[in-house]
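**Q** Fold the following.
(2 chains)
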Amino acid sequence: MSHSQMVASQTSPAALPPSVFTLPPTAQLEALYTIIRDKETSRGDFLFYSDRIIRLLVEEGLNHLPVVSKVVETPTGATYEGVGFEGKICGVSILRAGEAMEVGLREVCRSVRIGKILIQRDEETAQPKLFYSKFPPDIASRYVLLLDPMLATGGSAMKAVEVLMEHGVPEERIIFINLISAPEGLKAFCNRFPRLRVITGWIDKGLNEKAYIIPGLGDFGERRYCV
Amino acid sequence: MLPPLIRSVRKAHQAEVTTLKNQLLKSHGRPPWYGENGRPIGEAFVVGIAGGSASGKTHVARQIVQNLGSIPTVIILSQDSFYKKHTPEELELAFQNLYDFDHPDSVDVPLFAACLADLKAWQQSNIPIYSFTEHQRLDETKYLYGASIIITEGILALHDQKLRDLYDLKIFVQCDSDIMLARRIKRDVAERGRSVEGVLDQYLRFVKPSFDNFVSPSAKYADIIVPGSNNNVAIELISTHIRRELTNRAREFRCKITNAIKPNPSTPDPSHIAVEQLPNLHIIPQTPQLKGIYTTLRDKTSERQEFIFNVDRLATYLIEKALEFVPAGHETVTTPVGVEYNGRSIDTEICGVTILRSGGPLEKGMRRVLRDPAVGSLLIQSDVKSGEAILLHSMLPTSIRERCRAEVTWVFLLDAQIVTSASGIMAVRVLLDHGVQEDHIIFVTILAAPRGVHVLNRLFPKIKIVSGSADPNLTPIWIPGDGDDEAREVLCIEPGMGHIGDRYYL
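**A** Numbering: from 1, shown residues only, chains lettered A, B, ... in the order given. Model (predicted):
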């Protein structure tokens, strides 16, 4: 999807980093976002329609993985020149909202391994701090789909990438999958990790004084699990 | 001597016809009722049977059905269903047995004729249900569709011009008044819990005058007068007549079909149609992941679980893509942050119709993408002898059964492959018969043969076909006979992925 084709309701910063990819902004996609943005939407609907977007995001993210040509024989006895997937993948969700994206991920990647990472704001320093992480032991040899639905300032996502890189995952093998992003956060994130690909479903207007995404959809984890 | 299997089927069929009215009776599937242009040919055959109360009309109708033997689909329609909706005053009279149910004014003839006309024109009809215990028309209706013979019976079935105009054959059952009264007393006392006095009272007040004034005179419109008892010969003659009529129609029909199939030298060989020549075939973007999914599905060594998982994943994606063709409205919402957002809305009614069995694998995707969608089904098989599509069963969502809703609903028609498109054409025909708009049908499929799509396109140019892949070749393969099935030749998509239904289910 080229950035010039974005619809008016989506913010399109003049210099959107080349590592950012969005979904084709169809009326259907916009309708999905309208449902999950609406504060009147029930939890059941929120779950169902956010899952739809997540699956589309994961499908798009996977298209950035390399494939190799592969010839198979069909049940009719004909040969077919197709492609096979190369390399192992795993998901890493940023707790707790990122977990909500796991169902969608597993509907697209069968029995995929999923690591977890908990990053919270350190009240002393006001900086994001790693509280917990658990990854598959061979994570360094895998492509990582990093999952977090909201990218506001980008602080926790950048911290998560740092942690992954400390575990030996190269920057270019991480794909960050995200539902809604703010241009500020997106810019900061991509400047920091220019070789990391970001798949974002929608780029919103910006952040308000409390660093909430505007128009946004509120607290994703809260709406998905608690309300 | 019939082989045992067939005989047992016939027995079951015979048992059925003695019990059911206002039902679709079928002894085998329904062959195509439309021509090479996809439009219906002719009309259903309609028989009207009139006669006095308890003259044996229902018996005659059932005997005809039984005599016809292996006629695909029959509906016996009863005039009783069309009693008018009563006002409170009429209702009071009805409960006191003082309402004249034998007078022509008690029957809703315009509705009766409209329902019959719809069925005759191969369309669905939702006929009223009349409750004799409540003496009232109920709010619910009975959905009927797809009969090639409709038998209407009722004392006044021949009374009204509007109804008579719809009949292909008009029968009057002539019975002695004494016998009719005797039968009526017996039936009403035993089956309807009435007293002999009450029955006689009603007979003298309403039944007899109506018979003399309206029913008996309508005999002059009949093509045939049938005696009310010992009428085997008459029924035999009627059945022979109907059978001959149907055979003539079928022959005419076959001719038209055969002419259509004959190769026409002026048109290009349909086996070499390029995907680009098919404006309504939408092949979804061939991303690396999509190619990978198809490689897994085509690989004959792929394990069952792997196959099922990837079909579900693909179906989900195909339905997402198909949804892009459904229009969206505009809507403004407020987000939890308190900001207004001008977005889009999906307020169109969408339902699914699966062509069984191979359309089934696409259902999971449908349910993942649409919130609690109604998904109906059509079991269409190809007839072993003729290779023709046969409709064996249809179960459609309520949004299609009612014509006014069918006209605005969108339908995702699901089938794993489009090969010759014979079953697809039949399925589309069923939807169009119900009033679904052609441009509201989106055919979602995993694999399409351009030749089949070409046929579908030509017949129904407004239907969109969303597929993940199009395979160029159709190869005839020989399927050896197996038990009851005879050996036959079928067309198979190459390179294809084998039988998707078998690989998904078996």
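**Q** what residue ranges in the stretch 51-200 of chain B score low on pLDDT?
**A** B:70-72 (pLDDT under 70).
**Q** and the residue of it nearest chain A?
**A** residue B:140 (29.4 Å; CB to the nearest CB). Using the backbone N, CA and C atoms, a C-beta is placed for each residue, glycine as well.
**Q** what about the closest residue to that residue other than its chain neighbours, helix or strand, and which?
**A** Once flanking residues are discounted, residue B:140 sits nearest to residue B:129: 5.9 Å by CB to CB, 6 or more residues apart in numbering or on different chains. Using DSSP states H and E, residue B:129 sits within strand B:125-131.
**Q** Extract the CA atoms of that strand and return them as PDB.
**A** Extracted in PDB, the C-alpha atoms of strand B:125-131 (Å, rounded to 0.1, in the frame of the first residue of the first chain):
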ATOM      1  CA  SER B 125     -44.600 -18.100  -1.600                       C
ATOM      2  CA  ASN B 126     -45.300 -17.600   2.100                       C
ATOM      3  CA  ILE B 127     -48.800 -18.900   2.500                       C
ATOM      4  CA  PRO B 128     -51.000 -18.000   5.500                       C
ATOM      5  CA  ILE B 129     -51.600 -20.600   8.300                       C
ATOM      6  CA  TYR B 130     -55.200 -20.900   9.500                       C
ATOM      7  CA  SER B 131     -55.900 -22.300  12.900                       C
END
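**Q** which other helices and strands contact that strand?
**A** If you count contacts as 3 or more CB pairs under 8 Å, 6 or more residues apart in numbering or on different chains; DSSP states H and E, strand B:125-131 packs onto helix B:109-120, strand B:136-144.
**Q** quick one, the longest one and strand B:125-131 angle?
**A** I take that to be helix B:109-120. 130 degrees (axes from the mean of the first three to the mean of the last three CA atoms, to 10 degrees).
**Q** and helix B:109-120 with strand B:136-144, angle?
**A** Angle, helix B:109-120 to strand B:136-144, by the same axes, to 10 degrees: 10 degrees.
**Q** Now do the buried residues in helix B:109-120.
**A** For helix B:109-120, the neighbour count (16 or more other CB atoms under 10 Å in any protein chain shown) marks B:109, B:111-113, B:115-120 as buried.
**Q** Confirm residue B:230 sits in a strand?
**A** No. Counting by DSSP: H, G, I helix; E, B strand; the rest coil, residue B:230 is not part of a strand but coil.
**Q** And it, how far from residue B:59?
**A** Look at residue B:230 and residue B:59: by CB to CB, to the nearest Å, they are 12 Å apart.
**Q** cool, and residue B:398?
**A** 34 Å.
**Q** Report the backbone C-alpha coordinates of the helix or strand containing residue B:502 in PDB.
**A** Using DSSP H and E, residue B:502 maps to helix B:500-505. This file holds the C-alpha atoms of helix B:500-505, laid out as PDB (Å, rounded to 0.1, in the frame of the first residue of the first chain):
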ATOM      1  CA  ILE B 500     -11.700 -29.900  -1.600                       C
ATOM      2  CA  GLY B 501     -14.700 -31.200   0.100                       C
ATOM      3  CA  ASP B 502     -13.200 -34.700   0.500                       C
ATOM      4  CA  ARG B 503      -9.900 -33.300   1.800                       C
ATOM      5  CA  TYR B 504     -11.700 -31.000   4.300                       C
ATOM      6  CA  TYR B 505     -14.200 -33.500   5.600                       C
END
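**Q** Compare residue B:230 and residue B:59 (neighbour count), which wins?
**A** Counted by other CB atoms under 10 Å in any protein chain shown, residue B:230 and residue B:59 do not tie: residue B:59 has more neighbours, with 17 against 7.
**Q** That one belongs to a strand, doesn't it?
**A** No. According to three-state DSSP, residue B:59 belongs to no strand; its state is helix.
**Q** which residues of the chain score low on pLDDT?
**A** With no chain named, the answer covers chain A. Low-confidence segments of chain A, defined by pLDDT under 70, span residues A:1-15, A:227.
**Q** actually chain B
**A** Residue ranges of chain B with pLDDT under 70: B:1-20, B:26-27, B:70-72, B:252-272, B:479-488.
**Q** any idea how it splits into domains?
**A** According to automatic domain parsing, chain B comprises the domains B:18-256, B:270-326+B:343-505.
**Q** Run the contact check for the shortest one versus chain A.
**A** Yes. Contact of domain B:270-326+B:343-505 with chain A is found when judged by CB under 8 Å from any CB of the partner chain, involving B:287-289, B:291-292, B:294-295, B:298-301, B:306, B:309, B:312-313, B:316-317, B:320, B:323-324, B:326, B:343-346, B:368-369, B:371, B:475, B:477, B:492-499, B:503.
**Q** all helices for the stretch 51-200 of chain B, in order.
**A** For the stretch 51-200 of chain B, helices defined by DSSP state H, counting those that start in this stretch occupy the ranges B:57-68, B:88-95, B:109-120, B:161-164, B:177-191, B:196-202.
**Q** which residues are in contact with the first one?
**A** Read it as helix B:57-68. Residues from elsewhere that reach helix B:57-68, judged by CB atoms under 8 Å, 6 or more residues apart in numbering or on different chains: B:14, B:17-18, B:21, B:25, B:47, B:49-51, B:71, B:74, B:76, B:78, B:149, B:151, B:153-155, B:157, B:171, B:173, B:226, B:231-232, B:235-236, B:238-239, B:242-243.
**Q** Out of those, which end up buried?
**A** In those, burial by neighbour count holds for B:17, B:21, B:25, B:47, B:49-51, B:71, B:74, B:76, B:78, B:149, B:151, B:153-155, B:157, B:171, B:173, B:226, B:231, B:235, B:238-239, B:242, counting by 16+ other CB under 10 Å.
**Q** about what we covered before: please work out which of the helices of the stretch 51-200 of chain B is packed deepest.
**A** Highest mean neighbour count among the helices of the stretch 51-200 of chain B (mean count of other CB atoms under 10 Å in any protein chain shown): helix B:57-68, with a mean of 22.
**Q** Centre of the chain to that helix, how far?
**A** Put simply, helix B:57-68 sits 22 Å off its chain's centre (CA atoms, centre = their mean, to the nearest Å).
**Q** do stretch B:394-406 as well
**A** For stretch B:394-406, the distance to the chain centre is 11 Å (CA atoms, centre = their mean).
**Q** now do stretch B:499-506
**A** The answer for stretch B:499-506 is 27 Å, by CA atoms, centre = their mean.
**Q** now do stretch A:75-90
**A** The chain centroid and the centroid of stretch A:75-90 are separated by 26 Å under CA atoms, centre = their mean.
**Q** Pull up the gap between residue A:24 and residue A:57, please.
**A** Separation of residue A:24 from residue A:57 (CB to CB) stands at 12 Å.
**Q** what touches both of these two?
**A** Residues touching both residue A:24 and residue A:57 by CB under 8 Å, 6+ apart: none at all.
**Q** Between these two, which has more neighbouring residues?
**A** residue A:57 (27 against 14).
**Q** Residue A:52 is nearest to which of the helices of the stretch 51-200 of chain B?
**A** For the helices of the stretch 51-200 of chain B, proximity to residue A:52 was assessed by CB to CB; helix B:109-120 is nearest, at 38.6 Å.
**Q** and the biggest helix by length in chain A, how far from the chain's centre?
**A** Scanning chain A for the helix with the most residues, using DSSP state H, yields helix A:43-62. In this view, helix A:43-62 has its centroid 10 Å away from the chain centroid, taken as CA atoms, centre = their mean.
**Q** do stretch B:64-84 as well
**A** 15 Å.
**Q** Okay, and the beta partners of the residue nearest the centre of chain A?
**A** In chain A, the residue lying closest to the centroid (CA atoms, centre = their mean) is residue A:177, at 1.2 Å. Using DSSP bridges, the bridge partners assigned to residue A:177 are residue A:147, residue A:199.
**Q** Nothing else from me, thank you.
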